[in-house]
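Fold the following for me, if possible:
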Amino acid sequence: MEDRKYQICTRCVMDTTDPEISFDDQGVCSHCHEFDEVTSKRWFPNESGKEKLNVIFDKIKQEGKSQNYDCIIGLSGGVDSSYLALVMKDYELNPLVVHVDAGWNSELAVHNIEQIVKYCGYDLHTHVMDWQEVKDIQLAYLRAGISNQDVVQDHAFFASLYHFAVQNNIKYVVSGGNIATESVFPGAWQHSAMDAINLKAIHRCFGKRKLKQYKTISFIKYFFYYPFIKDMSVIRPLNFMPYHKREALEVLKEKVGYKEYGRKHGESRFTKFFQNYYLPIKFNMDKRLPHLSSQILSGELIRDEALDELKKPLYDEIELHEDKVYISKKLGVTVDELEQLVNSPGHDYSEYINWDTRYKFMLKVKKFVQKVLGRNVKTYS
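Residues are numbered from 1 along each chain as shown. Prediction:
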């Protein structure tokens, strides 16, 4: 295929490093149009959102009266989930806080989680994953050479959270995911972290040990059994309020002594390395583009601020060297071996068995059910 001429959106900062992007006559990209026509219809940063959130939270509290906890929240130590924990305290909810330790926590993340739980007075359940298994899967993903190396952590995080909720009869999972900072998502850049079929296929090809402790969630459980049989719902409260990340960070600093990471996902040493080094080197993907574009579309940033941010280097050279040494040592490989894995040819997730056929069939079924019922049917998709 002939290389496309480079182009950047005139409204946000997404560009032709997304192979599926398109532009109108004014140079505005398809992500902006998707936000205006679809995504923004699910976003309520106003009084209407406040009313909707009051109804949602009242329902959660009412249904959880007889339970030890009325909901469950996953806490990574990042700004979104940390700020959400404070919001839930203000609304007097009684969540069980779950943290999944995959072995990559930065020291700051541990500090921030402790401070938030202490301030809010919440119960914390920490699930410490078997490091030898995590290491084996992470190396398998690096050898597979696909773009989304964070699947190993992300899948385990959500699978553990959902399993724990169902096992403890908790119907509501409260998530820090939000439209204000995550509305732009280039589908061509990576595949869903919840595809356990793909995860297991990659591990079969490149893993070296059996997985006994690592939790996965099947396609059937994720899309049907948990939401429809167990009646579990995922709630994203930050979509029902004005949410500005910089303001949230200042609130966290002031109220709980939260310490800033300096870059997005600095709570995980591996995620920082993966997003700021692996992806740009191997796939020419700069994750700042969708994040900054999301903040432009939500009104938190103006485009010139985002362009200035993009001029900054992704990594300080000294910090990059330190992270390479740390990650290679923790994974049991040399720095040269890690570099070889980063610089080897990239591969697409679709080269390995995945859920795509089942997913397309599910969408057809969903469309048929919606037509019969005459209303929208929500699933995890």
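
residue boundaries of the strands in this structure?
71-74, 95-101, 123-128, 172-174, 233-235 (DSSP state E).

Give the other helices and strands that the second one contacts.
Right, strand 95-101. Contact here means 3 or more CB pairs under 8 Å, 6 or more residues apart in numbering; DSSP states H and E; on that basis strand 95-101 packs against strand 71-74, helix 79-90, helix 107-120, strand 123-128, helix 151-167. C-betas here are computed from N, CA, C, even on glycine.

Dump these into TSV; add mean neighbour count, distance to Ala196 and mean pLDDT as well.
TSV is the format used below for the helices and strands packed on strand 95-101 (neighbours: other CB atoms under 10 Å; distance: least, CB to CB, whole Å; pLDDT from 0 to 100):
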stretch	mean neighbour count	distance to Ala196	mean pLDDT
strand 71-74	23	18	96
helix 79-90	21	23	96
helix 107-120	18	26	94
strand 123-128	14	17	93
helix 151-167	21	7	92
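
TSV for those, including distance to Val256?
TSV is the format used below for those (distance: least, CB to CB, whole Å):
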stretch	distance to Val256
strand 71-74	15
helix 79-90	7
helix 107-120	4
strand 123-128	14
helix 151-167	22
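
Tell me which of these approaches Val184 most closely.
helix 79-90 (15.5 Å; CB to CB).

Report the distance from that closest one to the chain centre.
16 Å (CA atoms, centre = their mean, to the nearest Å).

rewinding a little: Asp308 is nearest to which of the helices and strands packed on strand 95-101?
For Asp308, the closest of these is helix 79-90, at 20.4 Å, according to CB to CB.

hang on, the earlier thing: make CSV out of the strands of the chain and add distance to Leu211.
Shown next, in CSV, are the strands of the chain (distance: least, CB to CB, whole Å):
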stretch, distance to Leu211
strand 71-74, 21
strand 95-101, 15
strand 123-128, 15
strand 172-174, 24
strand 233-235, 25
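
For Ala156, which of the ones you listed is the nearest?
Closest approach to Ala156 among those (CB to CB): strand 95-101, 5.9 Å.

Next, the angle helix 151-167 makes with the closest one.
150 degrees (axes from the mean of the first three to the mean of the last three CA atoms, to 10 degrees).

and strand 95-101, which strands flank it?
strand 71-74 (parallel), strand 123-128 (parallel) (DSSP bridges).

among the ones you listed, which is nearest Phe240?
Nearest of the strands paired with strand 95-101 (CB to CB): strand 71-74, 14.9 Å.

so where's the stretch 151-300 of the chain uncertain?
262-266 (pLDDT under 70).

That one: helices as residue ranges?
For the stretch 151-300 of the chain, the helices defined by DSSP state H, counting those that start in this stretch cover 151-167, 179-182, 196-206, 219-220, 245-256, 269-273, 279-283, 288-297.

Was I right to think Met285 contacts Tyr277?
No - counting by CB atoms under 8 Å, Met285 stays clear of Tyr277, with 11.2 Å between them.

More neighbours: the two, which one.
Taking other CB atoms under 10 Å, Met285 and Tyr277 do not tie; Met285 has more neighbours (21 against 17).

Tell me how far that one lies from Leu199.
According to CB to CB, to the nearest Å, Met285 stands 20 Å off from Leu199.

and what of Asp336?
27 Å.

pLDDT value on the closest residue to Glu92 other than its chain neighbours, please?
Spatial nearest neighbour of Glu92, excluding adjacent residues (CB to CB, 6 or more residues apart in numbering): Lys61 at 7.3 Å. Lys61 is assigned 96 on the pLDDT scale.

Counting neighbours, what do you get for Lys61?
Lys61, neighbours per other CB under 10 Å, totals 15.

which ones are touching it?
Neighbouring residues of Lys61 by CB atoms under 8 Å, 6 or more residues apart in numbering: 70, 92-94.

For ChimeraX, write the select line for the buried members of these.
The buried residues among the contacts of Lys61 can be selected in ChimeraX (16 or more other CB atoms under 10 Å) with this line:
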select :70,93,94
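
quick one: which of the contacts of Lys61 is nearest to Lys371?
Out of those, the member with the shortest distance to Lys371 (by CB to CB) is Asp70, at 34.8 Å.

surely that closest one meets Phe57?
No - counting by CB under 8 Å, Asp70 sits too far from Phe57 to count as a contact (9.2 Å).

so what's in contact with the two at the same time?
Leu93.

okay, stretch 197-217 in CSV with CA atoms only?
Only the C-alpha atoms of stretch 197-217 are listed here, as CSV (Å, rounded to 0.1, in the frame of the first residue of the first chain):
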residue,chain,number,x,y,z
ILE,A,197,-9.1,-16.1,23.6
ASN,A,198,-6.3,-14.0,22.1
LEU,A,199,-4.4,-13.8,25.4
LYS,A,200,-4.4,-17.6,25.7
ALA,A,201,-3.4,-18.1,22.1
ILE,A,202,-0.4,-15.8,22.5
HIS,A,203,0.6,-17.5,25.7
ARG,A,204,0.4,-20.9,24.0
CYS,A,205,2.7,-19.8,21.3
PHE,A,206,5.3,-18.0,23.4
GLY,A,207,4.8,-18.9,27.1
LYS,A,208,6.8,-21.4,29.0
ARG,A,209,4.8,-22.3,32.0
LYS,A,210,1.2,-23.3,32.9
LEU,A,211,-1.1,-20.6,34.2
LYS,A,212,-2.6,-21.7,37.5
GLN,A,213,-3.3,-18.4,39.3
TYR,A,214,-3.7,-15.9,36.5
LYS,A,215,-7.4,-14.9,36.2
THR,A,216,-9.1,-14.6,32.8
ILE,A,217,-12.7,-13.9,31.9
